[in-house]
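**Student:** Return a 3D structure for these sequence lines:
(one chain, ligands or ions: 3)
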Amino acid sequence: MTSLTLTRPDDWHLHLRDDEALAAVVGASARQMGRAIIMPNLRPPVTTTEQALAYRQRILAALPEGSAFEPLMTLYLTDNTPAEEIERAHASGLVHAVKLYPAGATTNSDSGVTDLSLCDGAIGAMARLGIPLLVHGEVTSADIDIFDREAVFIERVMKPLLERHPDLKVVFEHITTADAAEFVAAAPANVAATITVHHLLFNRNHMLVGGIRPHYYCLPILKRERHRQALLAAATSGSPKFFLGTDSAPHAQGDKESACGCAGAYTAPAAIELYATAFEQAGALDRLEGFASHFGADFYGLPRNADSVTLVREPWQLPKSLPYAGGQRIVPLMSGETLEWKLVEG
Ligand SMILES: NC(=O)N[C@@H](CC(=O)O)C(=O)O
Ligand SMILES: [Zn+2]
Ligand SMILES: [Zn+2]
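**Tutor:** Ligands and ions are numbered 1, 2, ... in the order given. Presented below is the predicted three-dimensional model:
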């Protein structure tokens, strides 16, 4: 196959940051994606509808001219989010989900939830209004090994949450384990998952063998090969419960290449090409369109995109780095490496 045309994809998990960083990265996603679910972990976090709408305006203002990219906004759930805030979010028509960060689990999660039982009011309103809860599914207890934090989260948090709120729409974000893939596959239709392209392409050896590669460090952390295989099987299974969410998470080069490097992989500049690479490796290019362009919209109750994108088999090299905020640079994942698929500009 030398060319591949798909309904324009959407990114159901994306970090765009703010200000100069936003201006530096938004074009990369807007070029490829019709829409994206925009993560609310700014400093300070986006906890109110008013803040989400103001952030949406900043994103629209930063878009390249003529872009039809649509940011789908989210709220950052805290211990104190009132049910009324969920009602306001729903009434806005522009806030599409609420994000659960267990306090301390990941980048900018200090204001996250300390105890989910404090959120029953807000979550009850979400279940009633059909607003999905997007979950960073890792426990944070110091005694749980970083490689086990997702699997333990399923038992300690996810199952009890769904027992209390069986009708709640839940997206288990950026799943990284066979345990999570199995859990989601067996759950009812109101439970789905996003899968990043780095978790489809890489395992922890890529990050740690022959030297420590900070650009492969993200949360949840890359796991063993057997987990990568399970994620690839889930993504290419044709099940509508699994869909595209890059979790593209920009950090300046100096903040990644550091004694205490930030978590996050910047995959937006070649997102769809990287997914095509992963699907082709699995012999499942024919399953890419459902995963990238249909199932997420269906889950969120939104129309599928009306336009399309075309990829051609044409080797090209990802830039070594790109301009970022404050005169810094940013290193995309697989920088300097050659990709086989290329999105046709247009
Ligand atoms: N994935 C990451 O490693 N980092 C994300 C936060 C997140 O999605 O957990 C970020 O905002 O940098
Ligand atoms: Zn996360
Ligand atoms: Zn994320």
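
**Student:** contacts, neighbours, all on C-alpha from now
**Tutor:** Will do.

**Student:** What pairs with the longest strand that the chain contains, parallel or antiparallel?
**Tutor:** In the chain, taking DSSP state E as the definition, the longest strand is strand 308-317. For strand 308-317, the paired strands and their directions (DSSP bridges) are strand 3-7 (antiparallel), strand 338-343 (antiparallel).

**Student:** who's in contact with Met100?
**Tutor:** Wrong residue type there; residue 100 is Leu, not Met. Contact analysis of Leu100 by Cα atoms under 8 Å, 6 or more residues apart in numbering lists 76-78, 112-113, 133-136.

**Student:** next structured bit after the longest strand of the chain?
**Tutor:** strand 322-323 (DSSP states H and E).

**Student:** Check which helices and strands that next one sits against.
**Tutor:** Here strand 322-323 touches strand 329-330, going by 3 or more Cα pairs under 8 Å, 6 or more residues apart in numbering; DSSP states H and E.

**Student:** Can you list the strands that the strand it packs on pairs with?
**Tutor:** Strand 329-330 pairs in its sheet with strand 322-323 (antiparallel), by DSSP bridges.

**Student:** Would you mind listing the outside residues contacting the strand it pairs with?
**Tutor:** Here strand 322-323 has contacts from 24, 329-332, using Cα under 8 Å, 6+ apart.

**Student:** So among those residues, which ones count as buried?
**Tutor:** 24, 329-332 (16 or more other Cα atoms under 10 Å).

**Student:** tell me which of those is nearest to Gly301?
**Tutor:** Comparing the buried ones among the contacts of strand 322-323 against Gly301 with Cα to Cα places Ala24 closest, at 30.5 Å.

**Student:** got a list of contacts for the strand or helix carrying the closest one?
**Tutor:** Counting by DSSP H and E, the element that carries Ala24 is helix 19-32. Outside helix 19-32, the residues that touch it by Cα under 8 Å, 6+ apart are 8-9, 16, 58-59, 62-64, 67-69, 250, 268-269, 271-272, 309, 323-326, 343, 345.

**Student:** got the buried residues for that helix?
**Tutor:** Neighbour-count burial for helix 19-32, with 16+ other Cα under 10 Å as criterion, is recorded at 21-32.

**Student:** how about these in CSV, adding distance to ligand 1?
**Tutor:** Shown next, in CSV, are the buried residues of helix 19-32 (distance: Cα to the nearest ligand atom, whole Å):
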residue, distance to ligand 1
Ala21, 12
Leu22, 13
Ala23, 16
Ala24, 15
Val25, 13
Val26, 15
Gly27, 18
Ala28, 17
Ser29, 16
Ala30, 19
Arg31, 21
Gln32, 20
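
**Student:** Tell me which other helices or strands the strand or helix carrying Thr194 touches.
**Tutor:** Using DSSP H and E, Thr194 falls within strand 191-195. For strand 191-195, the elements it packs on are strand 170-172, helix 178-186, strand 242-244, judged by 3+ Cα pairs under 8 Å, 6+ apart.

**Student:** Does it reach ligand 1?
**Tutor:** No - figure legend: strand 191-195 not in contact with ligand 1 (Cα under 6 Å from any ligand atom); closest approach 11.3 Å.

**Student:** Pull the residues that contact whichever helix or strand comes after that strand.
**Tutor:** Sequence order places helix 197-201 as the next helix or strand after strand 191-195, per DSSP H and E. Contact with helix 197-201 is made by 176, 216, 222, 228-229, 231-232, 246, 265, 267, 271, 274-275, 278, as judged by Cα under 8 Å, 6+ apart.
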